[in-house]
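1. Provided below for reference: sequence and predicted model.
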Amino acid sequence: MNKKSTDKRLPALPSHKVVEVRPLFEFGDVGFETHKLNQIVQTIRFPEGVSEEEKDIIIVRAIELYESLAPSDGLEGMLATQMVGTHHAALDCLRLAMVPGQTFAARDMNLKHAAKLMALYAQQVAALNKHRGKGQQKVTVEHVHVAAGGQAIVGNIETSGRAVSPASGGSTIEQQVEVPVETGGEKATPRRRKPKLD
């Protein structure tokens, strides 16, 4: 038997060349946008008995939510799509919890799912902000140099089991503090002194 190969392979490209991927595929911006729209719509569950007009309104609202997140790259686009789905799922659980005539257990289950979904949404918002660089930053101070005659307080200072805050007008702190002394580019051994803070 003689089998004809229908395998169409792209020619091998040298590894040092930069290849633009987009021209390799035959779809335009319309196809790309349609796929994105379909992904967003697939995250939505439409209630039973909803008219086509109402479905269109829900879809337009979902797209508005997606666009309001203004995703700027692929990761933000995926997260924005998930956020739209999470939002609609939470609202759906809240709506189902309000259906009259259901058992307490059914209502409780829907409210619990809604709470989990709303917590997930908050996590997604935090992840989006962190990715965009808007997340809360933690600053760790490792070295504090205080010049002669200077005073420095960072946060609360604990002495003998009680904390004295600079704002509380605490008096002198009896605590040994090591102060590094620098001489000619070399660090000498730290000397001990008692800081007096008013």
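-> Arrived safely, thanks for sending.

2. what about residue 124, distance to residue 83?
-> Distance, residue 124 to residue 83, by C-beta to C-beta, to the nearest Å: 5 Å. Backbone N, C-alpha and C define where each C-beta goes, glycine included.

3. Over to residue 49?
-> Per C-beta to C-beta, residue 49 is found 27 Å from residue 83.

4. Looking at these two, which is more packed in?
-> residue 83 (22 against 6; other C-beta atoms under 10 Å).

5. Shouldn't the more buried one be within a helix?
-> Yes. Counting by DSSP: H, G, I helix; E, B strand; the rest coil, residue 83 is found in a helix.

6. list the contacts for it?
-> Residues near residue 83 by C-beta atoms under 8 Å, 6 or more residues apart in numbering: 65, 69, 121, 124-125, 128.

7. Select only the buried ones of these in PyMOL?
-> Here is the PyMOL selection string for the buried members of the contacts of residue 83, based on 16 or more other C-beta atoms under 10 Å:
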select buried, resi 69+121+124+128
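
8. Return the subset of the contacts of residue 83 lying in helices.
-> Cross-referencing the contacts of residue 83 against helices under DSSP state H gives 65, 121, 124-125, 128.

9. Strands of this structure, start to end?
-> Using DSSP state E, the strands found in the chain span residues 157-159, 162-164, 177-179, 182-183, 186-187, 191-193.

10. got a list of what the nearest residue to residue 111 once chain neighbours are set aside touches?
-> Counting by C-beta to C-beta, 6 or more residues apart in numbering, the nearest residue to residue 111 once its immediate chain neighbours are dropped is residue 97, at 4.8 Å. Each residue near residue 97 by C-beta under 8 Å, 6+ apart is listed here: 107, 110-111, 114.

11. 10 Å instead, please
-> By C-beta atoms under 10 Å, 6 or more residues apart in numbering, residue 97 lies in contact with 106-114.

12. Check the spacing between it and residue 110 real quick.
-> 4 Å.

13. for residue 31, same thing?
-> Look at residue 31 and residue 110: by C-beta to C-beta, they are 38 Å apart.

14. More neighbours: which of those two?
-> Each of residue 31 and residue 110 has its neighbours counted (other C-beta under 10 Å); residue 110 has more, 19 against 11.

15. Now do the contacts for the more buried one.
-> Applying C-beta under 10 Å, 6+ apart, we find residue 110 in contact with 92-99, 102.

16. Quick check: ChimeraX command selecting the buried ones in those.
-> Burial among the contacts of residue 110 is assessed by 16+ other C-beta under 10 Å; the matching ChimeraX selection reads:
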select :92,93,94,96,97
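
17. Let's have the contacts of residue 110 in a markdown table, adding distance to residue 61 and pLDDT.
-> Output for those, formatted as a markdown table (distance: C-beta to C-beta, whole Å; pLDDT from 0 to 100):
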| residue | distance to residue 61 | pLDDT |
| --- | --- | --- |
| 92 | 14 | 93 |
| 93 | 18 | 95 |
| 94 | 16 | 95 |
| 95 | 15 | 93 |
| 96 | 19 | 93 |
| 97 | 21 | 95 |
| 98 | 20 | 94 |
| 99 | 22 | 92 |
| 102 | 26 | 92 |
